[in-house]
Structures are given as C-alpha cells and as structure tokens.
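Engineer: Okay, here's the prediction I keep looking at, along with the sequence it came from:
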There are 2 protein chains.
Amino acid sequence: MQPGRRHSPAESVALFGYSLTPMILRMLKTRANIKDVASRAGVHPSTVSRVLNPATRSMVSESLAREIVRIADELGYRRNALASGLRTRRTFTVGVIIPDLTNPVFPPIVRGVEHTLDGEGYIAILADSGSKRRSEKALIENMTARQVDGLILAAANRKDPLVDQVIEQGIPLVLVNRTVDKHNVTAVINDDELGIDLAVGHLVGLGHRQIAYIGGPQRTSTGYARYRAFLKTAKKAGIKLDRDLIINAREFTETAGQAAFHELIKTGKHFTAVLSANDLLALGCYDALEELGLRCPEDISVTGFNDMPYVDRFAPPLTTLHIPHDELGVQAATLLLERIENPDTPTKQLRLEPRLIVRGSTAVPSA
Amino acid sequence: MQPGRRHSPAESVALFGYSLTPMILRMLKTRANIKDVASRAGVHPSTVSRVLNPATRSMVSESLAREIVRIADELGYRRNALASGLRTRRTFTVGVIIPDLTNPVFPPIVRGVEHTLDGEGYIAILADSGSKRRSEKALIENMTARQVDGLILAAANRKDPLVDQVIEQGIPLVLVNRTVDKHNVTAVINDDELGIDLAVGHLVGLGHRQIAYIGGPQRTSTGYARYRAFLKTAKKAGIKLDRDLIINAREFTETAGQAAFHELIKTGKHFTAVLSANDLLALGCYDALEELGLRCPEDISVTGFNDMPYVDRFAPPLTTLHIPHDELGVQAATLLLERIENPDTPTKQLRLEPRLIVRGSTAVPSA
DNA sequence: TAATAGGCTGCAATCGTTTGCATAGAATAC
DNA sequence: GTATTCTATGCAAACGATTGCAGCCTATTA
C-alpha cells in the first residue's frame, strides 16, 4: 500500500486508471471476496484468511494484520459462510424442529435455544413440522443436506426411528421437552413424576378423593411418564383409582381435552377434580365444562401442566405446573454445543423441576 | 455396471477385494458424495449432477439416469447444499427476523412463512432479535454471510437504516407486520385505518362518547398509523377529542399499557372506554383496572388489536380486531419468492383487512 | 457414401475459503 | 562467521457441486 493515497470513490476513479474495470465489475457483481481484499493489500488470500480468523491471526505480523483488517472493512468484506463451511465442515448452524410453533410452550424454548446459540456464533434453522412425521423426516434430510452441526428435536416419540437415524448418522443431537425410551440420547426434559406428584398432592390436600385424569398420547414420553406417575402417585396418596376416570387423549390439544372430558361425564361416575397432563387439555376441559353448564372450580377443579404463557389470565386462572421454558431451551442448546465440540460426550438426561402454581381453577370440593 | 452383481454389504467385501479400502474410508469419513456415485456408476460426476437435477435430467439417457438414481439412493447420497449453493449462488434459504417470538402474534406468521417456503424447497433461518437493534444488525449480517436468498423482517421501524442497507445490497426483502415510511419496499401489513375505524364505530355504537386511546411507539408504522387513524376516525364519528386522553406508549407491551392506563386515570378526566393499539396494551389495561378496583366492561370498556391467540379466554374475553396471522406470513413468503425469482418486480404494499371481533370487554357505558 | 445434425457424455474451470507444506529471510546460538 | 532455529508469508490442493464447451457416436439427409 502506498501510504499517501486515500480512497474516496472519486479519487479511485482518477488514480487507479485501468484497474477501474475489474473494480467496477466486482462492485456490480457482488460483494468483495477474500481475493479482492488480498489483491488490494498486495498479499496472498491465505494471509487474509489467517488474519480474519481469530485462531490464526497471531501467525501474521501485527502491522500487516491491522492493514488487512482496515482494507477488509473498507471493502465491506464478509466471509462467505458457504465456502467456509464447505472447506471446514463446520457451518455453525443447528437445526431446530418443533411440532407446533403456535403451541405457546415452544416459543420460549426456541428463544432460549437461539439466544444461547447466538452467543457462540451459531444460528438456528427453525422448522415447524406441523406434527406430521413425513414432513419431519423431510425436514431432517433438508437440514442434514445443509450440513447442520447439530439438531434439536422437540417432537420425539418414545420409539423414534427418526431419532435412531440421526444418531446413526453421527449428527450431534439433543432432544428437548420429550425424549425416547432408550437412553442413548441427550435430552432435556421435565421431571414429570415430580410434577404429577405435586398436582395430586395439591388436590388431595384440598380434600379431593375422586380425581379423574386426562392424559396425553402414550407414544410420547411426556404422555407416558405422566400417566405412570399419576397411577403411582395416586396410589401412594391413598386415593382409589377408577380406571374409567383415566383417559389418555390421542393428542395434546384443546379439542382432545374437550372430548375426553365429555367421555368422563358419560361414565356417570362421580369426580370432583380432573388432573390433565397439559394445559391445552385443561383448556379443553374448560370448554366442556361450559358446554355442560358446570363451573370451575365450584363444581370441578382442573389442573394443567406446562404453565403456558397467559394461562394466568384465563377464566378461571389455571392451576398448573410451571416448567422453566427458557431454561429448557438454554440447557438443550448448551448440551448440544458440548456435543458438537466433543461428540463423544456421554449422553445425559437432564430433568428440570416443575413448580406448582396454584391459581383459581382448583378449590375445595363442593359437598 | 455389471448386471450380474448384486450388492449386499458382505458380497461387496468379497467381490470388490482391493476396492474395499477406499469404500470403507468413505463410509467412515462421511456420507457419499457425487464422486462416489459417479465412480460406482462408472460415469463422470457431471452426469450424476445432471441426473439429480430435474432441470437437466432430460439431457441424460433414460436408462442411465435410472441406474444412477438407483445407485444414488443405494449409497444414501444427499446433495451437499453448501457446495451446491456456493456454485449456483442460490441457497434456497431465507432469513426471518422477529422482534419477540413469545409475542403470540408472531408464531402464526412464522408458521405461515415456513409452510409456504417449505412448499418451494426453501427453508427458514429464524432469529429472534429481542427487539435490540444491535443484535438485529448482527443477525442480518450473519444471514447475508450465509448467502440467504432473501429476508423477511417483522420488526422494521418507520425510518430504518437497516432496511435501507438491505435494499442497497440488493437482497430481496419483504417486510411483514410493520413497514417503513418510504414505499420502496414490499410489505404485507394490516389495514390499520380500517381496523381503528371498526373499533371506534363499535364503541360509538354502544354509546361511548369519551374514548381514551392508548397507542404504540410512533417509530413503528403500526403505532403511527393507528394513532393517525384514531384522530381521523374519532373526528369523523363526531366525538370530541381530548388530547389528555390520548397516550402513545413507548412499547407494545403489557407493562407499558398498564402504565399508560394509570396516566389516563391521573388526568382526572372522565372516560368510559379505552381503545388500545394492540392486545398487549389492552392486557395492561386489565392489570391497571384490577389494581384500581375497576371492572371491565362495567366501568370501562377496553378494545385491543391483533386478536392474539387465547385472548378469547381472558377475563373478560377481549374485544379486538382479528388479523389474518397465517395469511400475513403466507403472503410475505409468497411475495418474497416472487422477488427472488424476479428481483425487478415492482415493490408492493399488501394491506390485509382486519375484522372486528366483539367479545366481553366492551359494553354499553354505565350511566 | 459423404456430409450434417443431434443426442449423450466427458472435461475442466469455477464458486470462496482454508490449511499443510515449503521457503525466504531474520534472529539466535555457538 | 556459520549453522540453526524461528517467523512470516506464499503456494496449491482441497471441500462438493455445477455448467459451458468440446467431442464422440449414431441417425438422418442429399
């Protein structure tokens, strides 16, 4: 570089005469690449590369490095992540698959994941699989084709060939929210047994003895674990279990909850409370109660699980189990980054503790 | 290919003798690439490439093409999107930036975007900017470094240097939810004037004459447009405007709404309804009302804007303006794809119509 | 029968970075 | 003053796909 020359665009035109054409071409074509920076600095591209990479920057003399950096931002150089990733086999990208983004449980998890990743220079490819298995498979293939460094799945089933496939391919994987039966995956989930325990304890403490249970799909770890926990805990609490008052819904949705509640009523059996395996199911109970002209909590107490945003504003505010949504995401991302750094890290099942939040949907049973 | 040979793994070991080593190396190393497929098929990589690309597949003879496809999935070949994108300058990736994913307005929009993109083979890189400008800038740079084909921004300000930058760089861009003052961008937004008109009409129809307004930040197009619309519409409806009863909050948040409502009360002026520029602000009003021991709608009617999921379950269910969340996303994605295909498409501002949903938070004013 | 056209496939350059290896010069040791 | 180590940089080969061009072969035409 000739120190006397400053580069206003106009000067460039005047000063660099015949070198103008390639410059203009470059500007029209696309943004500067590493070769442009190198030739402007009169060095080899590899030197520029080393300067721009923190790990190798010290290999280059300080003064030259500074000059290169100056030129790089003068030209507005930005590393092309495709080329870089192709060469290094690291994309600093992770894929995140969510079954339904409009289920309010997931956005905070996603946010936790993203913020954690962002801190380490990673970015998330997010996809909403819409609960369809086929699209989920396609999404995973799409993501692996993009050479993601790892995957976070929030929609695993207890037996999940997709999960097996991912593991087999050696792609770092972390499950969140749900896990599989085999313990060969790292997962961040809730302590479902503790949660159900707390809910049952609360209802029993209020004096409920006939407690109905609306569970979720048994193919999911949450649906299964909560169901088992209910059986176990209820027995421990000494309340009599009536199989007719235990229904496992097909989906964790409001309509499924509503239908399940109607089924409970149809049995003709008496119950004073219904413990549901998730907030949406509880909402379905609200719907059914209203249709039946029953009041909550005066006639029937209802509890949920998850403490979705805004359930505290519902009529009545829902008694439920709070799970640390953000933390779930943060931990999942942290563990994934660990696995990416070191793929041989032993798998680990992290179980976060839920907290009972008592609100207006539970009360002492009416005489 | 020698037709007599079938390839069970064990046979391969026996039959291919010395060719075993490279095969094993390949299997250990990573998944098959185009060269592997080519050499197994005894053709040049370019032929494989042509077969696997629908647009060029017809250049290759049908029988050879079929054989290559067979071998490709036998080897589990998947195109490396980095290499492909590097060469073609198309990544089939679009960046989506959302200010706050936990605001329930956004998930449906994101879902609409994703499903539309997915249909065309695109995938979304999603980022939650957390409303911080700096991180937003960094995110955009990160995404452009990854060579996204386009960008969808849901958090633009009326004057937005970031938006200008993106346009200047020639990256296809679509704004959603909010837009900028200049009409040099394609945007999908709501018809705010119509919405406010409907809300005012509803309140006036109920008999309200003293209507307070809690608006949003004036730096956003929604905040500004709704404010202007309120001024205009209220005048048209013949109700007297009291400047003290018009407050524009700094943020579209619950706490900002709460604070604004307290300010309204502090003026000592009489009003029977408050029209808020968004549901979260309305929720803040609920909070303030409760703190003040006032009832909604008996003492004060409240309206919102957006019809966020679940506001129908609040106590009281919120009267608000429904916007077609999914459609917002679908349109944004569609327009973006259009711009990606043809960057010279003239910019367009698409304005979707909101619909008034009357629920329990509005009533005839008390005498 | 020779010339021409058209259909298939191969060749090699390219996209933008990274990195092991080589080398020139400077600095140190003896 | 020479031998030896460093230091700083350049060289060139990857990474995995795509694509304009060239060339071969077969089929068609005059």
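Structural biologist: Structure's in. What do you need?
Engineer: Chain A: helices as residue ranges?
Structural biologist: A:9-15, A:20-29, A:34-41, A:45-52, A:62-74, A:81-88, A:106-119, A:133-145, A:161-168, A:192-206, A:221-236, A:254-266, A:279-291, A:325-341 (DSSP state H).
Engineer: who does the last one touch, helix- and strand-wise?
Structural biologist: Counting contacts by 3 or more Cβ pairs under 8 Å, 6 or more residues apart in numbering or on different chains; DSSP states H and E, helix A:325-341 packs against strand A:93-98, helix A:106-119, strand A:150-153, strand A:173-176, strand A:186-190, strand A:349-352. Every C-beta, even on glycine, is put in place using the N, C-alpha and C of the backbone.
Engineer: out of those, nearest to DNA strand D?
Structural biologist: Taking Cβ to the nearest atom of the strand, strand A:93-98 is the member of these nearest to DNA strand D, at 15.7 Å.
Engineer: among the helices and strands packed on helix A:325-341, which is nearest residue A:52?
Structural biologist: Between residue A:52 and the helices and strands packed on helix A:325-341, the tightest spacing by Cβ to Cβ is seen for strand A:93-98, at 19.3 Å.
Engineer: residues making contact with stretch A:67-84?
Structural biologist: Here stretch A:67-84 makes contact (Cβ atoms under 8 Å, 6 or more residues apart in numbering or on different chains) with A:1, A:7, A:31-34, A:36-37, A:40-41, A:43, A:47-48, A:51-52, A:60, A:91-92, B:82, B:85-86, B:91, B:141, B:144-147.
Engineer: Go again with 7 Å.
Structural biologist: Stretch A:67-84 is contacted by residues A:1, A:31-33, A:36-37, A:40-41, A:43, A:48, A:51-52, B:82, B:85-86, B:91, B:141, B:144-147 when judged by Cβ atoms under 7 Å, 6 or more residues apart in numbering or on different chains.
Engineer: repeat for stretch A:252-263
Structural biologist: Contacts of stretch A:252-263 with the rest of the structure, by Cβ under 7 Å, 6+ apart, involve A:214, A:216-217, A:247, A:249-250, A:274, A:276, A:278, A:280-285, A:287-288.
Engineer: Buried only: go through those residues for me.
Structural biologist: The neighbour count (16 or more other Cβ atoms under 10 Å in any protein chain shown) marks A:214, A:216-217, A:247, A:249, A:274, A:276, A:278, A:280-285, A:287-288 as buried among the contacts of stretch A:252-263.
Engineer: My read is that residue A:154 contacts residue A:177, right?
Structural biologist: Yes - using Cβ atoms under 7 Å, residue A:154 is in contact with residue A:177, at 4.7 Å.
Engineer: Could you please give me the overlap between the contact lists of the two?
Structural biologist: Counting by Cβ under 7 Å, 6+ apart, the residues touching both residue A:154 and residue A:177 are residue A:109.
Engineer: coming back round to it: filtering the buried ones among the contacts of stretch A:252-263 by proximity to chain B, which remain?
Structural biologist: Intersecting these with the surroundings of chain B, defined as Cβ under 7 Å from any Cβ of the partner chain, gives nothing.
Engineer: Closest one of those residues to residue A:99?
Structural biologist: Using Cβ to Cβ as the measure, the one of the buried ones among the contacts of stretch A:252-263 that approaches residue A:99 most closely is residue A:217, at 11.4 Å.
Engineer: if I look at residue A:340, how far off is residue B:93?
Structural biologist: When distances are taken as Cβ to Cβ, to the nearest Å, residue A:340 and residue B:93 turn out to be 20 Å apart.
Engineer: which of the contacts of stretch A:67-84 are close to DNA strand C?
Structural biologist: Near DNA strand C, taking Cβ under 7 Å from any atom of the strand as the test, the members of the contacts of stretch A:67-84 found are A:33, A:52, B:86.
Engineer: Generate TSV for those residues, with pLDDT, distance to residue A:317 and neighbour count as supplementary columns.
Structural biologist: Compiled in TSV, these are given as follows (pLDDT from 0 to 100; distance: Cβ to Cβ, whole Å; neighbours: other Cβ atoms under 10 Å in any protein chain shown):
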residue	pLDDT	distance to residue A:317	neighbour count
A:33	93	57	18
A:52	96	54	19
B:86	97	54	19
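Engineer: contacting residues for the residue in the stretch 201-350 of chain A that DNA strand D sits nearest to?
Structural biologist: With Cβ to the nearest atom of the strand as the measure, the residue in the stretch 201-350 of chain A that lies nearest DNA strand D is residue A:343; the distance is 17.2 Å. Shown here is residue A:343, whose contacts under the criterion Cβ under 7 Å, 6+ apart are residue A:172.
Engineer: Tell me the predicted confidence for it.
Structural biologist: Residue A:343 is assigned a predicted lDDT (pLDDT) of 90.
Engineer: same question, residue A:136
Structural biologist: For residue A:136, the model assigns a pLDDT of 89.
Engineer: Those residues of chain A touching chain B, which are they?
Structural biologist: By Cβ under 7 Å from any Cβ, the part of chain A that sits against chain B consists of A:78-83, A:85-86, A:91, A:101-102, A:104, A:107-108, A:110-111, A:114, A:123-128, A:141-142, A:144-147, A:309-310, A:313-315.
Engineer: Among the residues you listed, filter down to the buried ones and hand me the PyMOL syntax, if you would.
Structural biologist: Selecting the buried subset of the residues of chain A next to chain B in PyMOL, with 16+ other Cβ under 10 Å as the burial test, is done by:
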select buried, chain A and resi 78+79+80+81+82+83+85+86+91+101+102+104+107+108+110+111+114+123+124+125+126+127+128+142+144+145+146+147+309+310+313+314+315
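Engineer: Quick check: which ranges of the stretch 251-367 of chain A have low pLDDT?
Structural biologist: Across the stretch 251-367 of chain A, no stretch falls below the confidence threshold (pLDDT under 70).
Engineer: rewinding a little: so for residue B:161, which of the helices and strands packed on helix A:325-341 sits nearest?
Structural biologist: Closest among the helices and strands packed on helix A:325-341, using Cβ to Cβ: helix A:106-119, at 21.6 Å.
Engineer: Off-centre distance for that closest one?
Structural biologist: In terms of Cα atoms, centre = their mean, to the nearest Å, the centre of helix A:106-119 is found 7 Å from the chain centre.
Engineer: elements contacting that helix?
Structural biologist: For helix A:106-119, the elements it packs on are strand A:93-98, strand A:123-128, helix A:325-341, strand B:123-128, judged by 3 or more Cβ pairs under 7 Å, 6 or more residues apart in numbering or on different chains; DSSP states H and E.
Engineer: can you state the direction angle for that helix and strand B:93-98?
Structural biologist: For helix A:106-119 against strand B:93-98, the angle between stretch directions is 110 degrees (axes from the mean of the first three to the mean of the last three Cα atoms, to 10 degrees).
Engineer: Export helix A:106-119 to PDB, keeping only CA atoms.
Structural biologist: What follows is the C-alpha trace of helix A:106-119 in PDB, where atoms were taken according to Å, rounded to 0.1, in the frame of the first residue of the first chain:
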ATOM      1  CA  PHE A 106     -42.500 -23.700  22.400                       C
ATOM      2  CA  PRO A 107     -41.600 -20.100  21.600                       C
ATOM      3  CA  PRO A 108     -39.900 -19.600  24.900                       C
ATOM      4  CA  ILE A 109     -37.900 -22.800  24.400                       C
ATOM      5  CA  VAL A 110     -36.900 -21.700  20.900                       C
ATOM      6  CA  ARG A 111     -35.900 -18.300  22.300                       C
ATOM      7  CA  GLY A 112     -33.700 -19.900  24.900                       C
ATOM      8  CA  VAL A 113     -32.100 -22.100  22.300                       C
ATOM      9  CA  GLU A 114     -31.500 -19.200  20.000                       C
ATOM     10  CA  HIS A 115     -30.000 -16.800  22.500                       C
ATOM     11  CA  THR A 116     -27.700 -19.500  23.700                       C
ATOM     12  CA  LEU A 117     -26.600 -20.400  20.200                       C
ATOM     13  CA  ASP A 118     -26.300 -16.800  19.200                       C
ATOM     14  CA  GLY A 119     -23.800 -16.200  22.000                       C
END
